[in-house]
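**Student:** Sequence plus the predicted model coming up.
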There are 2 protein chains.
Amino acid sequence: MTGPIEFLITANDDLARVGCVRTPHGPVATPAFMPVGTRAAVKAMSPDELWNIGYRLVLANAYHLLVRPGPDLVRELGGVGRFMAFPGATLTDSGGFQAMSLAKISSVSEDGLRFRSHLDGAPVTLTPESAIEVQEALGADIMMVLDECTPYPASHDQARKSLELTARWAERGLRTRRGSTQALFGIVQGSTYTDLRRRSALQITSLGFDGFAAGGLSVGEPKDAMLEMAALSASLLPADRPRYLMGVGMPADLLAAVGMGFDMFDCVIPTRNARNGSAFTSAGRVSIKRANYARDAGPLDADCECRPCRTFSRAYLRHLFLSGEILAARALTEHNLFFYARLMREAQAAIASRTFRAYANSMTAALQGGDAGDKDTD
Amino acid sequence: MTGPIEFLITANDDLARVGCVRTPHGPVATPAFMPVGTRAAVKAMSPDELWNIGYRLVLANAYHLLVRPGPDLVRELGGVGRFMAFPGATLTDSGGFQAMSLAKISSVSEDGLRFRSHLDGAPVTLTPESAIEVQEALGADIMMVLDECTPYPASHDQARKSLELTARWAERGLRTRRGSTQALFGIVQGSTYTDLRRRSALQITSLGFDGFAAGGLSVGEPKDAMLEMAALSASLLPADRPRYLMGVGMPADLLAAVGMGFDMFDCVIPTRNARNGSAFTSAGRVSIKRANYARDAGPLDADCECRPCRTFSRAYLRHLFLSGEILAARALTEHNLFFYARLMREAQAAIASRTFRAYANSMTAALQGGDAGDKDTD
């Protein structure tokens, strides 16, 4: 590899593409969904289960690992991938998003973010420089630059000021990077303003990042605006670098974004919804607590080959969920992550055979079925 | 098999014995520890993990399954073993112990127990007859007769009246049994009174049970009294039937009881302690939350071949535990159950080679080490 990572595109179908991100911890087939391992663990899952389902890249949150157990400890234990015993590649976010959503932000200044740990109230400063230093200690294969995730709604003026700050932070982050084994991605902001998305993309892609992300989406804006801004952002990002749509999302949204030319995704929906008793299936959503499953001897998803579907009845899963058993969270999480992994594998195959549009349309229609339709209601 | 189960003893070493309980769901090597699957799930574990660790027999609580999801539903779904997708054999208790410890007992009468469900306060009656009917619906390979678990302390007179009731209930339970595929075990009571243990054993063993249990121990009495009464009970039970010491216990107690001639055990200690962060190791107990493990790159137990010990550092497990991650409960539970399974396998091998006493002595000494010694402090 010439850089920390290498990105090869092996097939295109209209804007969608199949590729491979080669990392120091192995190749990652794209389009790829990344399970979220907030505190260096994907909730309810073991690392070998993630691997066996087919995941080769997981995300961990720098903010959470910064406040506990601390980046130096993770470095000492061999970096986040080895710490959590995941045999594949890892990506860390910058910590900025959680600092804004979880912690008490004292101030956002030119310098960076000041906030208090949500654990013990200890004051923490996160600058574009320290965000890189923290992530270099965490040692993931891919790091994200510190950005200001523009809140929604934001006025045009607010959004413009925010993306200018993000651009200056991007330069500072890039200058800070020392090692040659960790890739660094830039992040495009611009809220829901077409001109600002263009402006941010122009700024960020002019810098030497190894990949690019669209940020500031799925933060409360209408679905149509999210999809429109995502499509615009994808079109503005260079074709020869991985494109990462941050924090999205629902299966149908992933298919839409793959169709726009995005390559990487992360979201807590499959894992969080699982713990709330909600399963994604080939016939739509299943809310396992519903009374009509009480005596249902069939699997969660008759069309699924995952271990829980090969093992457990809906009646048993409902009993586990109502009883608060850990195994309910385990089984539904494993199923949902299997569903997402399969969705990405099928999307890859459909792109390679130039049938992606038909695949995405039929799958999106199927996803509308079930208890709750394709809405994130949990 | 001539009855529902068959018990073969293949080796003896002093009072200890190695054997096999042949059940309709496969053979179970003894001495055997049974993980407790309270609500048809061993907390934090999947059934295939239990099987892979080596368990061939798990216990489920009739009381819990009676109040939710109900015995008829479990019967409809194929019985408790199939319901929970465990490929081996199952045992259910009578429900009496939990009715007394968890529910609000309204009355203990000649007829049976009246109590209110701990879930919704609904009134439930459990009689010697209905305890069998419930367990026949649950369909486990081994059922337990309804007994009155004599509380500790009890006066000699109270304990005598209690065991007489237990004896009358035993006859009623035995008369109720209809099928020929489920074994039924009797239970000896007698509190900590030598004469009453003898009297109860004489009564219960005169009835045609497929196996016998010592009950009413580990309910608050001093450790010495528990061991003395257990040893006495074992000596009074027929040698050609499985002997089950209920609710015991700590690893050293299991070895002591194996040395008395007991064959079967159940206890929540390995699973409950795991969720509290306490691991059993070959060098004694490890309380994973201790600060001295914060940067410890070694496994929980350097002498252990379980999956968590082959995968995770103490530092990572401590981080998971402090973070409240489900994976902490999973890993420590899997480790503790592996430790208990290995203890039983080693005991079997030691008995077969007539070195059980030496093995038990050296293991018991080793178990005194670690953070907490061999005490159930959680």
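**Tutor:** On my side now, so go ahead.
**Student:** count of neighbours near the nearest residue to A:A159 once chain neighbours are set aside?
**Tutor:** The spatial neighbour of A:A159 that comes closest, neighbours along the chain excluded (Cβ to Cβ, 6 or more residues apart in numbering or on different chains), is A:S191 at 3.8 Å. Glycine gets a C-beta too; all of them are placed from N, C-alpha and C. The burial metric for A:S191, expressed as a neighbour count using other Cβ atoms under 10 Å in any protein chain shown, is 25.
**Student:** try the one 4 residues further on
**Tutor:** The local packing count at A:D195 equals 11, with neighbours defined by other Cβ under 10 Å.
**Student:** That one and A:K161, how far apart?
**Tutor:** According to Cβ to Cβ, to the nearest Å, A:D195 stands 14 Å off from A:K161.
**Student:** Show the contacting residues for the closest residue to A:A214 other than its chain neighbours.
**Tutor:** Here the nearest residue to A:A214 in space, its sequence neighbours aside, is A:S233; by Cβ to Cβ, 6+ apart that works out to 3.8 Å. For A:S233, the set of contacting residues under the criterion of Cβ atoms under 8 Å, 6 or more residues apart in numbering or on different chains consists of A:V188, A:G190, A:R197, A:A201, A:A214, A:L217, A:L245.
**Student:** A:S233 sits in which helix or strand?
**Tutor:** Element membership of A:S233 [criterion: DSSP states H and E] is helix A:223-236.
**Student:** for chain B, what are the nearby residues on chain A?
**Tutor:** Residues of chain A found near chain B, taking Cβ under 8 Å from any Cβ of the partner chain as the criterion, are A:39-41, A:43-48, A:68-69, A:73, A:76-78, A:83-85, A:294-295, A:297, A:307, A:311-313, A:315-316, A:319-320, A:322-323, A:325-327, A:329-331.
**Student:** which among those end up buried?
**Tutor:** Among the residues of chain A next to chain B, those that count as buried by neighbour count (16 or more other Cβ atoms under 10 Å in any protein chain shown) are A:39-41, A:43-47, A:69, A:73, A:76-77, A:83-85, A:294, A:307, A:311-313, A:315-316, A:319-320, A:322-323, A:325-327, A:329-331.
**Student:** Ramachandran coordinates for the residue lying closest to A:D371 once chain neighbours are set aside?
**Tutor:** Among residues not flanking A:D371 along the chain, A:S287 sits closest, at 4.4 Å (Cβ to Cβ, 6+ apart). Backbone torsions of A:S287, given as degrees, to the nearest 10, read phi -100, psi 100.
**Student:** Then A:T10?
**Tutor:** Geometry field for A:T10 lists phi and psi as phi -110, psi -20, criterion degrees, to the nearest 10.
**Student:** With A:E221 instead?
**Tutor:** When quoted as degrees, to the nearest 10, the phi and psi of A:E221 stand at phi -70, psi 160.
**Student:** My read is that it contacts A:Y152, right?
**Tutor:** Yes: using Cβ atoms under 8 Å, A:E221 and A:Y152 qualify as a contacting pair, with a distance of 4.8 Å.
**Student:** Find the nearest non-adjacent residue to the residue nearest in space to the middle of chain A, please.
**Tutor:** For chain A, A:D266 is the residue whose C-alpha lies nearest the centre (Cα atoms, centre = their mean; 1.2 Å). Leaving aside its chain neighbours, A:D266 sits nearest to A:M34 (4.2 Å; criterion: Cβ to Cβ, 6+ apart).
**Student:** which residues does that neighbour contact?
**Tutor:** For A:M34, the contacting residues are A:Y55, A:L57, A:V58, A:L59, A:L91, A:M264, A:F265, A:D266, taking Cβ under 8 Å, 6+ apart as the criterion.
**Student:** Output those residues as a markdown table; include the columns pLDDT and secondary structure.
**Tutor:** A markdown table is the format used below for the contacts of A:M34 (pLDDT from 0 to 100; DSSP: H, G, I helix; E, B strand; the rest coil):
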| residue | pLDDT | secondary structure |
| --- | --- | --- |
| A:Y55 | 98 | coil |
| A:L57 | 98 | strand |
| A:V58 | 98 | strand |
| A:L59 | 98 | strand |
| A:L91 | 98 | strand |
| A:M264 | 98 | strand |
| A:F265 | 98 | strand |
| A:D266 | 98 | strand |
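**Student:** For PyMOL, write the selection for the buried entries among those residues.
**Tutor:** The PyMOL command for the buried members of the contacts of A:M34 (criterion: 16+ other Cβ under 10 Å) is given here:
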select buried, chain A and resi 55+57+58+59+91+264+265+266
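**Student:** just curious, which of the contacts of A:M34 is nearest to chain B?
**Tutor:** The shortest gap between chain B and any of the contacts of A:M34 belongs to A:V58, at 13.0 Å (Cβ to the nearest Cβ).
**Student:** That closest one and A:A213, how far apart?
**Tutor:** Following Cβ to Cβ, the distance that separates A:V58 from A:A213 is 16 Å.
**Student:** repeat for A:H25
**Tutor:** Following Cβ to Cβ, the distance that separates A:H25 from A:A213 is 20 Å.
**Student:** And those two? Which one has more around it.
**Tutor:** A:A213 (29 against 19).
**Student:** On the three-state scheme, that one is what?
**Tutor:** Counting by DSSP: H, G, I helix; E, B strand; the rest coil, the backbone at A:A213 sits in strand.
**Student:** Show me the beta-bridge partners of it.
**Tutor:** A:I187, A:Y244 (DSSP bridges).
**Student:** Now for it: which residues touch it?
**Tutor:** A:A213 sits next to A:M144, A:F185, A:G186, A:I187, A:V188, A:R243, A:Y244, A:L245, A:M246, A:M264 when contact means Cβ under 8 Å, 6+ apart.
**Student:** so which of these comes closest to chain B?
**Tutor:** Set against chain B, the nearest of those by Cβ to the nearest Cβ is A:M144 (21.6 Å).
**Student:** mind checking the SS state of A:R295?
**Tutor:** Remark: A:R295 carries the secondary structure label coil [criterion: three-state DSSP].
**Student:** where does it land on pLDDT?
**Tutor:** What the model reports as pLDDT for A:R295 is 98.
**Student:** again with A:G369
**Tutor:** You'll see A:G369 listed with a pLDDT of 82.
**Student:** ok, what's across the strand from the closest residue to it other than its chain neighbours?
**Tutor:** Closest residue to A:G369 apart from its sequence neighbours, by Cβ to Cβ, 6+ apart: A:G284 at 3.1 Å. Partner residues in beta bridges with A:G284, using DSSP bridges, are A:T281.
**Student:** A:G284 - how many residues pack around it?
**Tutor:** 18.
**Student:** can you tell me how far it sits from chain B?
**Tutor:** For A:G284, the distance to chain B under the criterion Cβ to the nearest Cβ, to the nearest Å works out to 24 Å.
**Student:** residues contacting A:M260?
**Tutor:** Residues near A:M260 by Cβ under 8 Å, 6+ apart: A:L15, A:A16, A:A230, A:A231, A:A234, A:S235.
**Student:** All the strands of the stretch 151-300 of chain A, in order from the start?
**Tutor:** For the stretch 151-300 of chain A, applying DSSP state E, counting those that start in this stretch gives strands covering A:183-188, A:211-214, A:243-245, A:264-266, A:278-281, A:284-287.
**Student:** on contacts alone, who are the packing partners of the longest one?
**Tutor:** What it means is strand A:183-188. Here strand A:183-188 is seen to pack against strand A:142-144, helix A:156-176, helix A:194-205, strand A:211-214 when contacts are counted using 3 or more Cβ pairs under 8 Å, 6 or more residues apart in numbering or on different chains; DSSP states H and E.
**Student:** The nearest residue to A:S162 once chain neighbours are set aside in helix, strand or coil?
**Tutor:** Counting by Cβ to Cβ, 6+ apart, the nearest residue to A:S162 once its immediate chain neighbours are dropped is A:T150, at 4.3 Å. Following three-state DSSP, we place A:T150 in the coil state.
**Student:** Fine, thanks again, bye for now.
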